[in-house]
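*Asks:* Sequence first, then the predicted structure, then my questions.
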Amino acid sequence: KAGVTQTPRYLIKTRGQQVTLSCSPISGHRSVSWYQQTPGQGLQFLFEYFSETQRNKGNFPGRFSGRQFSNSRSEMNVSTLELGDSALYLCASSRTSGSSLRETQYFGPGTRLLVL
Amino acid sequence: KQEVTQIPAALSVPEGENLVLNCSFTDSAIYNLQWFRQDPGKGLTSLLLIQSSQREQTSGRLNASLDKSSGRSTLYIAASQPGDSATYLCAESSSGSRLTFGEGTQLTVNP
């Protein structure tokens, strides 16, 4: 069974641009969560999608948005990029969501975004 | 607001040593606690998941314990090997699928 895949793996953008990252979950998984990892803030939760609906959202500005498609693939978009958005963006998938979650989440390799 | 703290931030040990990594959390109303491993520049690999009703989980040379009343979890690594060198992260789930991570312990096992 293929793991979680993320594309692209590396990305360089300039301030003010926008970027779209993609995450394909493990087959049969319906929940996709996104995290931002930086040296200063560590791993921080962005949002979670389950069955095409946003279930949970972290404390990030509205420039960060996401969506999920009917095949459970998810995209996150960051508009008006800032230098501080440089980070490793990780997505994780699981079969279930919410308080019924009794299983581990499986993480992808991440997309490393550099904003110049 | 849930906070997760990991001690120590870094640890260097000789090969073959047994070691313990610590994780503490402020809110005891957790669903589960997970330990992950992260190699430099890579994603996270799940090591162990402990449900809130469980006290410990074991996988090979790894053993993780959970004490909800004290807000603590430990990851025990037996007979450490150079290949165990990585950053170890604990994460708690008290809000559905949302994980709150600690800052991690960077482990170096010297041959």
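*Replies:* Sure, I can see it. Since we're looking at a predicted model, the values are computed, not measured.
*Asks:* so who does the residue nearest to the spatial centre of chain A touch?
*Replies:* Central residue of chain A (CA atoms, centre = their mean): A:Trp34, 2.9 Å from the mean position. A:Trp34 makes contact with A:23, A:45-48, A:66, A:74, A:76, A:89-92, according to CB atoms under 8 Å, 6 or more residues apart in numbering or on different chains. (Each C-beta comes from the backbone N, C-alpha and C, glycine too.)
*Asks:* Intersect the residues you listed with the contacts of chain B.
*Replies:* A:45, A:48, A:90, A:92 (CB under 8 Å from any CB of the partner chain).
*Asks:* Identify all contacting residues around the helix or strand hosting the second one.
*Replies:* Of the helices and strands defined by DSSP states H and E, A:Glu48 is found in strand A:42-50. Outside of strand A:42-50, the residues that reach it under the criterion CB under 8 Å, 6+ apart are A:30-38, A:54-60, A:64, A:66-68, A:74, A:76, A:89-90, A:97-98, B:89, B:91, B:96-104.
*Asks:* What of stretch A:59-66?
*Replies:* A:34, A:36, A:44, A:46-47, A:49, A:54, A:74-80.
*Asks:* which pair in these spans the largest distance?
*Replies:* For these, the farthest-apart pair by CB to CB is A:Tyr49 and A:Thr80; their separation is 22.2 Å.
*Asks:* More neighbours: these two, which one.
*Replies:* A count of neighbours by other CB atoms under 10 Å in any protein chain shown puts A:Tyr49 above the other of A:Tyr49 and A:Thr80, at 28 against 11.
*Asks:* Skip the chain neighbours and tell me the closest residue to B:Arg72.
*Replies:* Nearest non-adjacent residue to B:Arg72, counting by CB to CB, 6 or more residues apart in numbering or on different chains: B:Ser24, 5.1 Å away.
*Asks:* contacting residues for the one you found?
*Replies:* With CB under 8 Å, 6+ apart, B:Ser24 has these contacts: B:4-7, B:71-73.
*Asks:* are any of the residues you listed buried, and which?
*Replies:* B:4, B:6, B:71, B:73 (16 or more other CB atoms under 10 Å in any protein chain shown).
*Asks:* Excluding chain neighbours, what is closest to A:Lys57?
*Replies:* A:Phe47 (4.7 Å).
*Asks:* Could you list the buried residues of stretch A:88-96?
*Replies:* A:88-95.
*Asks:* If any of the contacts of strand A:42-50 are buried, put those into a PyMOL selection.
*Replies:* Selection of buried members from those for PyMOL, criterion 16+ other CB under 10 Å:
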select buried, (chain A and resi 30+31+32+33+34+35+36+37+55+56+58+60+64+66+68+74+76+89+90+97) or (chain B and resi 89+91+96+97+98+99+100+101+102+103+104)
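*Asks:* Of the contacts of strand A:42-50, which belong to strands?
*Replies:* Taking DSSP state E as the definition of strands, the contacts of strand A:42-50 contribute A:31-38, A:54-57, A:64, A:66-68, A:74, A:76, A:89-90, B:89, B:91, B:98-101.
*Asks:* is residue 7 in a bridge, and if so with what?
*Replies:* Just so you know, I chose chain A. For A:Thr7, the beta-bridge partners under DSSP bridges are A:Ser22.
*Asks:* my bad, the chain I had in mind was chain B
*Replies:* Assigned bridge partners for B:Ile7, using DSSP bridges, are B:Asn22.
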